[in-house]
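Student: what's the 3D shape of this:
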Amino acid sequence: MDDDHRGWRPCVLAAAVFAVCMAGTTLPTPLYGLYQEKFGFSELMVTVVYAVYAFGVIGVLLLAGNASDAVGRRPVLLAGLACATASAVCFLCATGLGWLYTGRLLSGVSAGLFTGAATAYVMELAPSGASRATFVATAANMGGLGCGPLLAGVLAQYAPWPLYLPYVVHLVLVAGSAVVLLWLPETVRERRPLSTVRPQQPGLPAGVRAVFAPAAIAAFVGFALFGVFTSVSPAFLAESLDVHNRAVVGLIVALAFFASTAGQLAVGRIGVGRSLPLGCAVLLGGLALLAGALWWDLLSLVVLSALVGGAGQGLAFRGALSAVAGAAPPDQRAAVISTLFVVAYTGISVPVIGVGVLSGPMGLEGAGLVFIACMAVLVTAAGAYLLRRPVRAAGA
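Tutor: Purely as a prediction, here's the structure:
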């Protein structure tokens, strides 16, 4: 048993570093209302500030998503922690929207550097043949995203300096993560100079293409739901439901990410082929509950939509990642995973801006209902496609 624990220790430590980085990307979620009061910007600007993060992720994934395959996992992850540090400093120094844009962009760069490299790193550090490695990687990602708003919400509500203390705490965690990362071993055996890294061209290895298309559709829809839920739900809770407690807002947003982790855990029993269409069906249920929450202004339906939608996203996301990673050649795994995340983060950015644009003439409820209708059509089509052409992977 001790040997088994020692075998998993590097994997779990790498996952903890992954979670710390991702927590920093969602720290501002329950604080956007405070920034609006301080700087006086509209709900559209909230969604733009949020989406800038996704553009940073996508840019890095396209330009250097395969960098860790060449130079090694640890150098790329250390660079990601440096960007996370710079992002926190921007938020600490923020005196206007420009600082928020820069901080969110740097946060996106840190997530972009981590996304493919850390996922591959966690899986490679796991004991040989461990099927739980994919779950550890995706749980670290989603669990970290959930801890961000929860931590910031609790500190903003019950501790002093609500716009500063969350970032100070995160800087301490990032420093500890850097120490852990320097202790962990490198997993890329044949490293190449950074000069050999080239921007990724659209395209995938032949053996991945059939798996990638349906997996990417499911990932897009799940991340789109998370993007809109994370960016506009704090404003909806405050304006329509009179929920002003930052800890409660952070908890409700965190529930979606924690439910995603639970959904991912279920994939091991359900199987990758069934988890993708099932995830789409559960996502559709989450969208329906969110529509009901917007229509009837019910807090209970908001909480249920977070739990059900998050579980559906987790089922679809882990199934997609397992299918794509299992089909990818080892020397291109991080690059292929990064391509999947490009599609996912497109889902987390474009619909968010659309909701922000529509919120002016239609209000948050109307804009949210339009978004839900569009996503319902997409997720239904994706689920039907996946039922006709099931995805198969080497493991879950």
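Student: any idea which helix is longest in the protein?
Tutor: When the chain is parsed with DSSP state H, its longest helix is helix 333-388.
Student: Now it: average pLDDT?
Tutor: The average pLDDT for helix 333-388 rounds to 86.
Student: what's the answer for stretch 295-304, then?
Tutor: pLDDT averaged over stretch 295-304 gives 95.
Student: gap between the two ends of it?
Tutor: End-to-end distance for stretch 295-304: 14 Å, by C-alpha to C-alpha, to the nearest Å.
Student: just checking, what packs against the host helix or strand of S68?
Tutor: Using DSSP states H and E, S68 sits in helix 67-71. With contacts taken as 3 or more C-beta pairs under 8 Å, 6 or more residues apart in numbering; DSSP states H and E, helix 67-71 sits against helix 73-92, helix 97-125, helix 333-388. C-beta here means a position set from N, CA and C on the backbone, and glycine is covered the same way.
Student: if you set the cut-off to 6 Å instead, what comes out?
Tutor: Where contact means 3 or more C-beta pairs under 6 Å, 6 or more residues apart in numbering; DSSP states H and E, helix 67-71 is packed against helix 333-388.
Student: what about the helix holding S68, distance to the chain center?
Tutor: Distance of helix 67-71 from the chain centroid (C-alpha atoms, centre = their mean, to the nearest Å) equals 22 Å.
Student: Ok, stretch 240-259 next?
Tutor: Computed by C-alpha atoms, centre = their mean, the chain-centroid distance of stretch 240-259 equals 17 Å.
Student: picking that back up, now the longest helix of the chain against helix 97-125, angle please.
Tutor: Relative orientation of helix 333-388 and helix 97-125, computed by axes from the mean of the first three to the mean of the last three C-alpha atoms, to 10 degrees: 90 degrees.
Student: for helix 333-388, packing partners?
Tutor: If contacts are counted by 3+ C-beta pairs under 6 Å, 6+ apart, helix 333-388 sits against helix 43-64, helix 67-71, helix 97-125, helix 206-239, helix 272-296.
Student: how about a markdown table for those, with mean neighbour count added?
Tutor: Listed next are these as a markdown table, based on neighbours: other C-beta atoms under 10 Å:
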| stretch | mean neighbour count |
| --- | --- |
| helix 43-64 | 22 |
| helix 67-71 | 25 |
| helix 97-125 | 25 |
| helix 206-239 | 23 |
| helix 272-296 | 23 |
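Student: and those, which one's lowest on average pLDDT?
Tutor: Per-stretch mean pLDDT for those is lowest at helix 206-239 (a mean of 84).
Student: what comes into contact with the helix holding S68?
Tutor: The contact list for helix 67-71, computed with C-beta atoms under 6 Å, 6 or more residues apart in numbering, reads 76, 117, 191-192, 194, 196-197, 334-335.
Student: same thing with stretch 73-80?
Tutor: When contacts are defined by C-beta under 6 Å, 6+ apart, stretch 73-80 is touched by residues 21, 67-68, 110, 113-114, 117, 121, 181, 186-187.
Student: closest to V352 among those?
Tutor: S110 (19.1 Å; C-beta to C-beta).
Student: And the closest one, how far from P149?
Tutor: Distance, S110 to P149, using C-beta to C-beta, to the nearest Å: 17 Å.
Student: can you check V174 too?
Tutor: The gap separating V174 from P149 is 17 Å, by C-beta to C-beta.
Student: Kindly report the same for L358.
Tutor: Look at L358 and P149: by C-beta to C-beta, they are 24 Å apart.
Student: can you check Q264 too?
Tutor: Remark: distance between Q264 and P149 (C-beta to C-beta) = 19 Å.
Student: cool, A281 as well?
Tutor: Going from A281 to P149 by C-beta to C-beta gives 27 Å.
Student: How about A293?
Tutor: For A293 relative to P149 (C-beta to C-beta), the value is 18 Å.
Student: Now do the contacts for V302.
Tutor: Neighbours of V302 in contact, by C-beta under 6 Å, 6+ apart: A293.
Student: host element of it?
Tutor: Using DSSP H and E, V302 maps to helix 299-327.
Student: Please apply the same query to V180.
Tutor: Going by DSSP H and E, V180 is in helix 165-183.
Student: for that helix, what is the average pLDDT?
Tutor: Average pLDDT, helix 165-183: 98.
Student: in that helix, what's buried?
Tutor: Buried residues in helix 165-183, counted by 16 or more other C-beta atoms under 10 Å: 165-167, 169-171, 173-174, 177-178, 181.
Student: I'd like the contacts of stretch 73-80 laid out as CSV, including distance to V343.
Tutor: Output for the contacts of stretch 73-80, formatted as CSV (distance: C-beta to C-beta, whole Å):
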residue, distance to V343
C21, 21
A67, 19
S68, 19
S110, 20
L113, 18
F114, 17
A117, 18
Y121, 21
L181, 28
E186, 29
T187, 25
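Student: For R209, see how far away A320 is.
Tutor: From A320 across to R209, the span is 14 Å (C-beta to C-beta).
Student: Actually, T95.
Tutor: According to C-beta to C-beta, T95 stands 48 Å off from R209.
Student: what's the answer for L113, then?
Tutor: 26 Å.
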